[in-house]
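In: Need a 3D model of the sequence below.
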Amino acid sequence: MHTLHKMAFGSAALAAIFALSGCGGSGSMSGDVAGSQAVSNKGPVASATIQADGVMGLNGDSSIFVPSTTSLRLEGFAHTNHLIKLGGSGVNPAAFNGYAPADIRAAYGVPSSGGSGTIVIVDAYNDPYALADFNYFSAQYGLPQETSTSVTASTNKVFQVVYASGRRPSNNSGWSQEADLDIEWAHAMAPSAKIVLVEASSASTTALYNADNVAATIAGVHQCSNSWGGGEYSTEASSDGTFNHTGVVYFFSSGDTGGAQQYPSASVNVVAVGGTSLTMSGGVRTNETAWNGAGCGPSAYEPRPSFQSGISGIVGSHRGIADVSAVADPNTGVLVRWNGGWYIFGGTSVACPIIAGITNMAGTNRSGGPAQNAQFYANLGSANFYDVTSGTAGSYSAAVGWDWPTGVGSPNGLGGF
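Out: Numbers count the residues shown, from 1 in each chain. As a prediction, this is how the structure comes out:
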């Protein structure tokens, strides 16, 4: 069974993590814990010690940190969907038993080389560590590195940053953690694809939607990964067009809300990526269950899309979330290089770039989210996906076939993509 070494945060690690800042807006920082690692869309944080910059300790587990950018809920702003299990500066990643790229590739049947075109990552604010951490992670795991010292040069072959507004945004530690996770793990799944980080000017949904429109203009883009979201709202369908650009598949993490929905993962135009708890032994997946923190459920406002007609008996007349899933449980999390240190990250923020990267590896280049989802649902119940049949997220349980927390299941090779 895969286990994690319970290593306490040292003072240096705490100092690094507690340099976090919020989403850039004003207002109180709130969230709510439902299950051991779930953060809800509203309400006070329970069973946790509130810090000025996040939450340290959930339901007695002092090793899980919820950044303020994940727990903060402000109308008109998005939050990240990442959690931190363990980590610190000056730590060898081998000291942690978190998953490395080779582990996840083995679990999901993904080749060690391949990928093409461009995967765009959309996040808010500037990540000042992006290039250094991307290259360090790549060197650690034998992945291509970006040789240019100019992170914004369009001639870069491996990694590039684009400022969505045309100007470099201000820095934000919590969002830089999210960005490092996203760029590193999309790269880990599709090493030969160029990774482009598009930085929104802030965490406002207006700025992030603009960044998603900019993403569609990036040369060679086929996949766009977004590990952020917010609560649903009655007029959200008017924003669905943001994620409808021919030839670009938009992926959104379903959230760390323990059975609650969020937008844009509820959009009919995107692939909603849920979360699992992954167990491996001897380099082989031995079990995968629904993660109790995964966001899921019926959309309050979006109608059932055509690609879900085959599961109408489950979802009814509303769009069902999620579509597909991958590892997200911070207790079975992945290794991430951030700000000169190694950490174990979890949350559906992990699952989203993994699925986007695997989609790129498949090389199918679907016309958009609905077409990509149609392919996933056409493979429901096939050997191309691992059917997750146990575990719960909020009031929703995994089951044979499609289920709310994990969708069609997790990858089992590239055939379902």
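
In: Any idea which helix or strand in the chain has the lowest mean pLDDT?
Out: Least confident helix or strand, the chain: strand 49-51 with a mean of 30, by mean pLDDT, DSSP states H and E.

In: Extract the CA atoms of stretch 351-369 and return them as PDB.
Out: Only the C-alpha atoms of stretch 351-369 are listed here, as PDB (Å, rounded to 0.1, in the frame of the first residue of the first chain):
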ATOM      1  CA  ALA A 351      -6.000  15.800 -11.300                       C
ATOM      2  CA  CYS A 352      -6.700  18.600 -13.900                       C
ATOM      3  CA  PRO A 353      -3.200  19.100 -15.500                       C
ATOM      4  CA  ILE A 354      -2.700  15.300 -15.300                       C
ATOM      5  CA  ILE A 355      -5.800  14.700 -17.400                       C
ATOM      6  CA  ALA A 356      -4.900  17.600 -19.800                       C
ATOM      7  CA  GLY A 357      -1.400  16.200 -20.300                       C
ATOM      8  CA  ILE A 358      -2.600  12.700 -20.900                       C
ATOM      9  CA  THR A 359      -5.100  14.000 -23.400                       C
ATOM     10  CA  ASN A 360      -2.300  15.800 -25.200                       C
ATOM     11  CA  MET A 361      -0.300  12.500 -25.200                       C
ATOM     12  CA  ALA A 362      -3.200  10.700 -26.900                       C
ATOM     13  CA  GLY A 363      -2.800  13.200 -29.900                       C
ATOM     14  CA  THR A 364      -6.400  13.200 -30.800                       C
ATOM     15  CA  ASN A 365      -6.800  17.000 -30.700                       C
ATOM     16  CA  ARG A 366     -10.600  17.100 -30.300                       C
ATOM     17  CA  SER A 367     -12.600  20.200 -31.500                       C
ATOM     18  CA  GLY A 368     -13.500  21.200 -28.000                       C
ATOM     19  CA  GLY A 369     -14.700  20.100 -24.600                       C
END
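
In: what's the distance between the residue lying closest to A294 once chain neighbours are set aside and T118?
Out: Of all residues not flanking A294 in the chain, G275 sits nearest, at 3.8 Å (Cβ to Cβ, 6 or more residues apart in numbering). C-betas here are computed from N, CA, C, even on glycine. As judged by Cβ to Cβ, to the nearest Å, G275 and T118 stand 25 Å apart.

In: between these two, who's got more neighbours?
Out: G275 (37 against 21; other Cβ atoms under 10 Å).

In: any idea how far G247 is from that one?
Out: 27 Å.

In: same deal with S112?
Out: 27 Å.

In: If the closest residue in space to T348 that isn't next to it in sequence is in a bridge, with which residues?
Out: Distances taken as Cβ to Cβ, 6+ apart put S253 closest to T348, at 3.7 Å, once the chain neighbours are dropped. With DSSP bridges as the criterion, S253 is bridged to V273.

In: Now do S253: how many residues are near it, please.
Out: 35.

In: what residues are up against it?
Out: Residues near S253 by Cβ atoms under 8 Å, 6 or more residues apart in numbering: 81, 226-229, 265, 273, 275, 295, 347-349, 351-352.

In: Could you do V327 as well?
Out: Applying Cβ under 8 Å, 6+ apart, we find V327 in contact with 99, 104, 107, 275-278, 288, 333-334, 350-351, 354, 410.

In: Point out where the stretch 201-350 of the chain drops to low pLDDT.
Out: Filtered on pLDDT under 70, the stretch 201-350 of the chain yields no residues whatsoever.

In: would you list every one of the strands in it?
Out: 221-226, 228-229, 249-253, 271-281, 284-290, 297-303, 318-321, 324-327, 334-338, 341-346 (DSSP state E, counting those that start in this stretch).

In: Figure out which of those is closest to T359.
Out: Closest to T359 of these, according to Cβ to Cβ: strand 221-226, at 5.5 Å.

In: Next, the angle from that closest one to strand 271-281.
Out: Strand 221-226 runs at 80 degrees relative to strand 271-281, counting by axes from the mean of the first three to the mean of the last three Cα atoms, to 10 degrees.

In: Tell me, how many residues neighbour G166?
Out: For G166, using other Cβ under 10 Å, the count is 8.

In: re the thing from before, state the pair within the contacts of V327 that is farthest apart.
Out: Pairwise across the contacts of V327, and taking Cβ to Cβ, the largest span is found between G333 and S410, at 15.1 Å.
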